[in-house]
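**Q** Take this sequence and fold it.
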Amino acid sequence: MRLVAVSIVKNEADIIEPFVRHTLARVDHHFIFDHDSTDGTRQMLHALQAEGLALTLFTDNALGNLQQIRSNYLTKLAADTQQADWIFPLDADEILIGPNRADLEKILSGLASDRPASLPLLNYCPTEADDSTQANPVLRLRYCQSQASRTKKIIIPRALALNPAVSAGKGSHALYRENQALPDQPMPEAFYLAHLALRSPQHQISRVVLAELQKL
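**A** Numbering: from 1, shown residues only. Prediction:
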């Protein structure tokens with residue numbers, strides 16, 4: 001079974017390296033589109049490529065919110081050029097958690113190929129108990145919600161990725177055939193996404209400022 005991740009990133013320098021290394025320990029290839037990062041994210045991705053990791057990097061500096069268009073494009077490209085059996089659309093702050101690759105393949109092989117699978121998000125956030133000397137947020141953040149969020153991310157089977165009438169909605173939380181949402185197949189509880197959206201007060205301020213600038 002061949003598994004491929006696709007990601008659209010912008011200014012994720014504090015988490016991009018652990019995100020890529022962790023993801024590539026669980027999938028065969030990673031397509032990443034860097035949208036005009038200015039904090040060193042793109043340079044880090046080039047360095048990871050040069051290291052020999054199974055990473056393909058796409059870039060442009062176009063204005064506008066084209067994230068989902070790009071994500072759907074990479075999803076179809078992964079199925080077409082990488083022969084992916086399942087495609088994982090992941091943000092840089094979403095860390096794939098599960099027992100091991102063999103168990104992941106076993107679960108996916110038992111699912112229907114005409115519906116997406118889905119992973120719940122478990123939200124992590126900073127606290128005063130975190131080790132402030134630990135730069136890696138994957139290791140630094142210890143507090144998380146007691147229950148997974150109702151929000152979920154889909155995993156897209158090859159047949160649907162290649163179907164021109166099918167595309168993921170904003171955030172890749174659901175898959176649509178034309179305007180009809182397709183039912184998803186929840187993964188077992190052992191598999192989920194650790195969501196590190198809030199990594200520090202400074203990071204949150206930066207996100208708000210950049211979002212307002214993008215609107216302008």
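**Q** State the distance from the residue nearest the centre of the chain to His46.
**A** For the chain, the residue nearest the mean C-alpha position is Leu90 (0.9 Å; CA atoms, centre = their mean). Using CB to CB, to the nearest Å, Leu90 is found at 20 Å from His46. The C-beta positions use only the backbone N, C-alpha and C, and glycine is treated the same way.
**Q** hmm, back to that, what's near enough to touch the residue nearest to the centre of the chain?
**A** By CB atoms under 8 Å, 6 or more residues apart in numbering, Leu90 lies in contact with 5-7, 19, 23, 96, 153, 193.
**Q** if we take these, which one ends up nearest to Leu162?
**A** Val6 (14.1 Å; CB to CB).
**Q** hmm, back to that, for Ala79, see how far away the residue nearest to the centre of the chain is.
**A** Leu90 is 16 Å from Ala79, by CB to CB.
**Q** can you check Leu48 too?
**A** Distance from Leu48 to Ala79, by CB to CB: 23 Å.
**Q** Neighbour count: these two, which is higher?
**A** Higher neighbour count among Leu48 and Ala79: Ala79, with 23 against 20, using other CB atoms under 10 Å.
**Q** tell me the contacts of the spatially closest residue to the more buried one that is not a sequence neighbour?
**A** Of all residues not flanking Ala79 in the chain, Ala161 sits nearest, at 3.8 Å (CB to CB, 6 or more residues apart in numbering). Going by CB under 8 Å, 6+ apart, Ala161 touches 75-76, 78-79, 84, 87.
**Q** Kindly report the same for Asn11.
**A** Neighbours of Asn11 in contact, by CB under 8 Å, 6+ apart: 37-39, 41, 206, 210.
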